[in-house]
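Chemist: okay, sequence plus prediction incoming.
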Amino acid sequence: MDDGVVVSVDGGNPGGLWPDRAGDGQWFSSEPTQELSPPRALLRAGADVGGKRIHLGADIGAMGSSVALLMPGTTKLFTIVFGLVSLLAVLFIPYTTYAKYLKWLTVSLFAYVAVAFLVHVPWRSVLGATLIPRMAINQQSWVALIAVLGTTISPYLFFWQASQEVEEVKNNRGEKALKHAPAQADAQLRRIHIDTLVGMAFSNAVAFFIILTAASTLHTHGITNVSTCAQAASALTPIAGHFAGALFVCGIVGTGLLAVPILAASAAYAISEGCKCKTSLQNSPRKAPGFYAVITFATAIGLIMNFFHIDPIRSLVWAAVLNGIVAAPLMAVIMLIASSRKVMGKFLIPRYLRCIGWLATAVMAFVSAGVVLTWK
């Protein structure tokens with residue numbers, strides 16, 4: 001990007017959780033596969049799973065590389081440790097149990113916000129570039145844009161968030177799918193609405209300041225190609241000094257340990273539903289062997305990827321690019337489901353959400369086309 005600043009704005013997937021809370025207690029991945037044969041359902045799920053594997057492997061590698069900045073030992077050793085820890089945690093510890101502790105490590109990401117106010121930032125130029133961005137029409141710009149969009153509207157979230165929403169319906173006493181308990185609609189949809197707005201506001205604000213801080217500290221000093229964790233950590237030097245590496249590691253490890261189980265489980269939801277297998281993180285591996293077999297296989301593939309000399313930072317970028325390209329057709333499926341009176345009944349999403357959702361889908365498709373058409 002010309003100005004080194006990109007803002008990720010989420011207008012997409014406004015009905016992403018709506019169909020699953022309102023529907024018949026089925027996962028998002030099972031809704032569009034009701035009329036598909038297992039091979040076609042698996043093909044549809046597989047279109048998204050490929051991006052998850054790259055993303056999962058990159059997250060494991062990034063955790064290993066970041067810890068190697070602070071502790072004696074090789075990156076490969078720490079990568080193996082984090083891969084095994086992530087897998088064992090999914091298999092034997094309820095995700096909600098350790099997520100409530102790990103999320104506090106992600107508070108370190110707010111250091112990027114603080115840095116932006118400690119270094120020289122031309123705020124007038126930043127505001128102008130944010131409201132009226134300038135972009136060169138070339139491959140590099142299109143790839144950067146689809147990567148930003150791919151981190152905001154990631155396909156794996158369609159499976160994970162929707163699956164967790166339905167699990168809440170099944171596990172919380174008194175809760176039912178809204179088609180069968182319409183009296184719960186106002187409270188549940190209000191909760192989903194607030195959760196989405198607050199979550200996206202914080203995530204996009206942090207993303208904005210990470211980009212702004214990197215542009216103000218790295219780009220201004222001639223570092224335009226961040227390829228190592230050490231380079232990425234140096235963006236925090238103005239606020240943390242010699243402790244910049246430790247602060248960076250807290251953010252990477254916290255978000256990584258939260259993300260790896262989500263990536264692995266979302267792939268398991270997608271594939272297992274296509275095979276009509278039992279799926280639930282509330283079940284033990286003994287009760288849902290196929291589901292947990294997919295999780296184990298996905299984590300193993302992600303771990304193995306790191307032994308082919310793949311740069312974890314570059315892998316994260318290309319995982320985001322692939323997520324962005326895959327997102328458009330999946331967003332179209334979501335919008336078709338959420339707009340179907342046959343599926344949604346009286347909980348059909350309102351017209352303004354249909355307009356916003358289809359507009360976001362069109363934007364994702366347009367940017368994806370720009371990547372493909374300018375590819376060399």
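Modeler: Now that the structure is in, tell me what you want to look at.
Chemist: can you tell me the element Leu84 falls in?
Modeler: Using DSSP states H and E, Leu84 sits in helix 75-92.
Chemist: next one: His309
Modeler: Residue-wise, His309 maps onto no helix or strand under DSSP H and E.
Chemist: surely Ser315 and Ser65 touch.
Modeler: No. With contacts counted by Cβ atoms under 8 Å, Ser315 stays clear of Ser65, the gap being 10.7 Å. Placement of C-beta: from N, CA and C, glycine included.
Chemist: the two: which has the busier surroundings?
Modeler: More crowded of Ser315 and Ser65, by other Cβ atoms under 10 Å: Ser65, with 23 against 20.
Chemist: could you pull up the contacting residues of that one?
Modeler: 75, 78-79, 228-229, 312 (Cβ atoms under 8 Å, 6 or more residues apart in numbering).
Chemist: likewise for Lys100?
Modeler: Listed by Cβ under 8 Å, 6+ apart, Lys100 has no contact partners.
Chemist: ok, it to Thr374 distance?
Modeler: Using Cβ to Cβ, to the nearest Å, Lys100 is found at 44 Å from Thr374.
Chemist: can you check Ala207 too?
Modeler: 24 Å.
Chemist: who's more crowded, the two?
Modeler: Set Ala207 next to Thr374 and count neighbours by other Cβ under 10 Å: Ala207 wins out with 18 against 14.
Chemist: tell me which element the more buried one falls in.
Modeler: Judged by DSSP H and E, Ala207 forms part of helix 185-217.
Chemist: who does that helix touch, helix- and strand-wise?
Modeler: Using 3 or more Cβ pairs under 8 Å, 6 or more residues apart in numbering; DSSP states H and E, the elements in contact with helix 185-217 are helix 18-22, helix 111-116, helix 139-152.
Chemist: can I get the following helix or strand past that helix as PDB, trimmed to CA atoms?
Modeler: Proceeding N to C from helix 185-217, the next assigned helix or strand is helix 229-233, under DSSP H and E. Only the C-alpha atoms of helix 229-233 are listed here, as PDB (Å, rounded to 0.1, in the frame of the first residue of the first chain):
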ATOM      1  CA  CYS A 229       9.900 -12.600  14.500                       C
ATOM      2  CA  ALA A 230      12.800 -10.500  15.700                       C
ATOM      3  CA  GLN A 231      12.000  -7.900  13.000                       C
ATOM      4  CA  ALA A 232       8.400  -7.900  14.000                       C
ATOM      5  CA  ALA A 233       9.200  -7.600  17.700                       C
END
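Chemist: quick check: mean pLDDT of helix 229-233?
Modeler: The average of the pLDDT scores along helix 229-233 is 74.
Chemist: pLDDT (mean, whole number) over the helix or strand following it?
Modeler: Per DSSP H and E, the first helix or strand lying C-terminal to helix 229-233 is helix 237-240. What helix 237-240 shows for mean pLDDT is 73.
Chemist: now tell me what touches helix 237-240 from outside.
Modeler: The contact list for helix 237-240 (Cβ under 8 Å, 6+ apart) reads 111, 114-115, 118-119, 217, 244, 246-247.
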